[in-house]
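fold the following.
(2 chains)
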Amino acid sequence: MKINGALGFILSTLIVIVLGVALLFTSIWYTVLFSGLVASIVIRRGYLISILSSFAGGVLGILIIFLMLPTGYLGPVMNEVGAIAGIPSVALFALIFLINGGLCVSGALIGTFVARFIQKSR
Amino acid sequence: MKKRAVIAPIIGVFIIVVVLILGSFTPLISILNPTTGVIQNSRDLVVGNSSINLPGISSKVVVVQDKYGVYHFYASNTKDLFYSLGFMQAKERLEEIEVFGLEGMGQMHTLFGSSYLNYDRFQTLTGAPITAEKDWNSVLNNSSSNSTDLLTKNAMISYASGINAYINYSESHNTVPLLFKLLGVKPYYWSPVYSYAVQELMAQQLEFGDDSLQFAVLYSLLGNLTYDLLPTFSSVQTYYYGGYYGLPNQGVLHMSHNTYPMNSTVLSLTKTLLYRFKYDPPTYFNFSTSDHSNELVVAGNRTTTGYPILMGGPVLGFSLPAIWFQVQLVAPGLDVYGVVLPGAPAVVIGFNNNIAWTLTDTQAISSGTFFFSQQVIGDSYIWNGTAYPLQTYKINGFEVNWTNLGPVMAQQGSTALVMDWMGNIVSNEIGTLIELNSASNWSQFRSDLSTWIAPYQNFAFANRTTIADISPSYYPIFGGATYNPASIMPGNGSEYISGSIPYNRVPQVVNPSQGFIVSSNQRQVGPSYPYWFGISNSFSSGYRAQMEVNYLSSHSTVSPNNIVSFQGTNYTDYEAQVAVPYILSYLKGNTNASVEKAYSLLSGWNFNMTTESDAASVWFFTYMYLFNDTFFPFLEDHGVMPEYNTTLGVPSGMGGSYPNTTGSASMDIVLLNALVTGSASPFSNQSMENLVTESVVQAMNFLNEKYPSGNYTWGKFYGFLFPNLFGFGEFNAGPISKGGDFNSPNDASGVGPNNYPTGGQSWEMVVNMSNVSHSYGVYPGGQSENPASPLYSNYVNDWINDTYLPLLFYPAYSSFPTQEVMDTISLVPEGSQ
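Here you go, the predicted structure:
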């Protein structure tokens, strides 16, 4: 089946979200890079869609984790950590999104390269 | 393959490497990890009904958190009760518990790094960690023959298991407290030895000091004038709850005035040790011994209810989280309400269905810490001319040598300073408290306390028919040569501790004829007491106690609300009440504008240290300058100041209220006596009129410079600061303005803006013995140690505003009215539903 760009983006994002959240529960954060890698190999819509969908999936995955937490207390806890660390809590939140998105994107970059390599090998 | 094609995967690998480096060299990745990092701790803050499966309990324990946040534990046996207390206390206070344990054991560096090695070395040197191990071993060894030890052993093991169950629970749920996550360390497992380290720590904080070293240095400089500066008996105290009024016991007086002379080596060692006492002790929970406490109990024939009322107000250093954790513990044979310490499974101050009790520090006998100059040669010490081998302990990476008297604290050549601290006597005060929790009458209460060693405490007691007070402890009696125990003593065997004051002779009283008892750190027994019980500098000046006595004497009956109001909002300064009329008499007729203004304010003042009073500020600073003008030139002339400022501290009145000073109760007493008698001799040749006038001018200049508008109300100087326990200023509360001063029931030393009091009545409790369910109390803090929790500092405003909270006391969880419940937590055995 031929997957167009929009559909590819959506499917890739969904794969990254589902796989990414599952991998987060291994407690080893680095493993989320495999969500971007797998989505890129499966969907194979090139670097742009792969990068965008992986980052979006990474960010949405974190939002899902946040939704599983009692939101009323998340802010106070991060404010507390921020005050101790000397970093604004907003920056801490941004870092969580960036690191997760970044790891997914790194997987996507490698995955897209691998997908093209496989394609060329055929 | 084109070179451009590999750029993308290289960027991918680069991102991974950057994140890996970030995770390897900083704790950022583990802290921010979405499923195991700090954000998961928000789950731990949820207030709501829950059920937790736990290994280690045999049947369901219901824990009701009432609407004020207090935990009520209902268990079907005491083992499960103490287990659940350990679990829930750790849930709210694990950081605090673990820091307390490390502090007591001298192992702070294991959590906070090598900067704490000095403290750990000092703590190890004092013997506290060694004694903690001995305490627990003693309980284990005696549990087969001693019922208190058996009870203690079971409670301690269950409590430790509960704490450890929470550590396991928090690790498996990724909710290990933030401190550990941020430091990247795992909580250590609790053992009963740590509970005894907490017992030692409390004994150390309340009954441990360098008073004798200070006295020795002063005596070397002032000679017999030391006895004028630090007299044995107070010239102004008139109330002794334990009696013994009358003329001073001559034997005791002789002993106090017979100070062992020091040579230059001992003096040098003393200075070294004073420096260590001042700069090595702990950062956390450093309760100042100048802080004081209140306890009074009123008989039924003087109350509106017809039954006794007991008031407790132990003054300790403030922190967030606070030292206390408020609970009700219910199991067959036990139903007790009150406050527990971090790491110790017993209500320290509280009540049960039959009795109520509270504690204050006796401040007697040189804080139970005595120093001897002893010969130590190689691996031996000399006692009565014979060499005995030193006992060497290796603990916490340090080596400590003990003689027969105690640890060698400092040594130069063969001369050693050895400390005999009563906290190093093997004892089981936690066990005594556990026994007290279920006592039902005075006889049982008094009997339980007979094994109490240290810290030296006054225990006020009430049931429905009896009021009493007793100050049980191991108070040494000295044999042989009778040198002054308030200074360094000879350690060659000529003087020794030959025993302790018999239990039936320690200060105590039952149902006194005046119908009330006050024991607020003042000397308990009068000058005719036949045992050496310490000098006036050791105890509180007694002004606060006298003010409390005056209040009770002038009210034929009081209600629980009267006592709540008295404890919270009576800001009368007894010292001002006595001193100000004399000050006014010295100022009368003076035409200096500043003096006239001060005269006008002070003459219309009611001696209340209210926040809006200008006169209160005038009194306080006049007193401070008068203190300085009277004593400082004298101390400078004799080489005490400034030479010894770093080791003895700069003295000041009112518990060291003035910034960067150290309080001296004796000098407070001597100064008041000078005002009353009109002579500051032998400290100053100036007339009292000159001294007072000069100090008033200085005070008015200070106040006018600080507040040129003339609005220098007391509230601008006095207020309370509640610092975060771990030093994070963002989580402090205050300073918040409040009335009172060092001499009022709401007492603490310190004045702002650089020296706000950070201590005070740490648990205000008024128990109504007509119906203990109608009792009230509050502590400044909250049940949670987590600043993100709504229960972190929720009691602070109540404490400041004197809003005492009802102490809800229901015998069963089923009788708790729904509207009084915040949440209910069921702790159920693993595998059951």
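
only C-alpha atoms from now on, for both contacts and neighbour counts.
OK.

how far away is the residue of chain A at minimum distance from chain B from A:Ala91?
Closest contact between chain A and chain B, by Cα to the nearest Cα, is at A:Ser106 (3.8 Å). If you measure A:Ser106 against A:Ala91 using Cα to Cα, to the nearest Å, the figure is 21 Å.

who has more neighbours out of these two?
For A:Ser106 and A:Ala91, the more surrounded residue by other Cα atoms under 10 Å in any protein chain shown is A:Ser106, and the numbers stand at 29 against 12.

in whichever helix or strand B:Gly162 is part of, which residues are buried?
Using DSSP states H and E, B:Gly162 falls within helix B:147-172. By 16 or more other Cα atoms under 10 Å in any protein chain shown, the buried positions in helix B:147-172 come out as B:148-153, B:155-167, B:169-170.

what about A:Phe93, neighbour count?
The local packing of A:Phe93 (other Cα under 10 Å) involves 16 other residues.

re the thing from before, list the contacts for the residue of chain A closest to chain B?
A:33, A:36-37, B:9, B:11-13, B:15-16 (Cα atoms under 8 Å, 6 or more residues apart in numbering or on different chains).

which of those residues are buried?
Using 16+ other Cα under 10 Å as the threshold, A:33, A:36-37, B:9, B:12-13, B:15-16 are the buried ones among the contacts of A:Ser106.

sec struct for B:Leu635, please.
When classified by DSSP: H, G, I helix; E, B strand; the rest coil, B:Leu635 comes out as helix.

can you show me the helices along the stretch 651-800 of chain B?
In the stretch 651-800 of chain B, the segments counted as helices under DSSP state H, counting those that start in this stretch are B:665-677, B:688-706, B:796-800.

next, count neighbours for A:Met68.
Neighbourhood size, A:Met68 [other Cα under 10 Å]: 11.

per-residue confidence at it?
A:Met68 carries a pLDDT value of 93.

nearest residue to the middle of the chain?
In the absence of a named chain, this looks at chain A. A:Gly58 (2.0 Å; Cα atoms, centre = their mean).

oops, I was thinking of chain B
For chain B, the residue sitting closest to the mean C-alpha position, by Cα atoms, centre = their mean, is B:Leu316 at 3.9 Å.

check which helices and strands the helix or strand B:Ser498 falls within sits against.
Per DSSP H and E: B:Ser498 is located in strand B:495-500. Contact partners of strand B:495-500 among helices and strands, from 3 or more Cα pairs under 8 Å, 6 or more residues apart in numbering or on different chains; DSSP states H and E: strand B:476-480.

mind redoing it with 10 Å?
For strand B:495-500, the packing partners by 3 or more Cα pairs under 10 Å, 6 or more residues apart in numbering or on different chains; DSSP states H and E come out as strand B:369-377, strand B:476-480, strand B:489-490.

these: lowest mean pLDDT?
Of all these, strand B:476-480 carries the lowest average pLDDT, namely a mean of 91.

make TSV from the helices of the stretch 651-800 of chain B and add mean pLDDT and mean neighbour count to it.
Output for the helices of the stretch 651-800 of chain B, formatted as TSV (pLDDT from 0 to 100; neighbours: other Cα atoms under 10 Å in any protein chain shown):
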stretch	mean pLDDT	mean neighbour count
helix B:665-677	95	21
helix B:688-706	97	19
helix B:796-800	95	19
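
could the ones you listed go into a markdown table alongside distance to chain A?
Listed next are the helices of the stretch 651-800 of chain B as a markdown table, based on distance: least, Cα to the nearest Cα, whole Å:
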| stretch | distance to chain A |
| --- | --- |
| helix B:665-677 | 40 |
| helix B:688-706 | 33 |
| helix B:796-800 | 19 |
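
reformat the ones you listed as a markdown table; add distance to B:Asn458.
Compiled in a markdown table, the helices of the stretch 651-800 of chain B are given as follows (distance: least, Cα to Cα, whole Å):
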| stretch | distance to B:Asn458 |
| --- | --- |
| helix B:665-677 | 19 |
| helix B:688-706 | 37 |
| helix B:796-800 | 24 |
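
and B:Phe370, which of these is closest to it?
In terms of Cα to Cα, the element of the helices of the stretch 651-800 of chain B nearest to B:Phe370 is helix B:665-677, at 19.3 Å.

which strands or helices does that closest one pack on?
Where contact means 3+ Cα pairs under 10 Å, 6+ apart, helix B:665-677 is packed against helix B:225-229, helix B:574-587, helix B:614-637, strand B:651-652, helix B:688-706.
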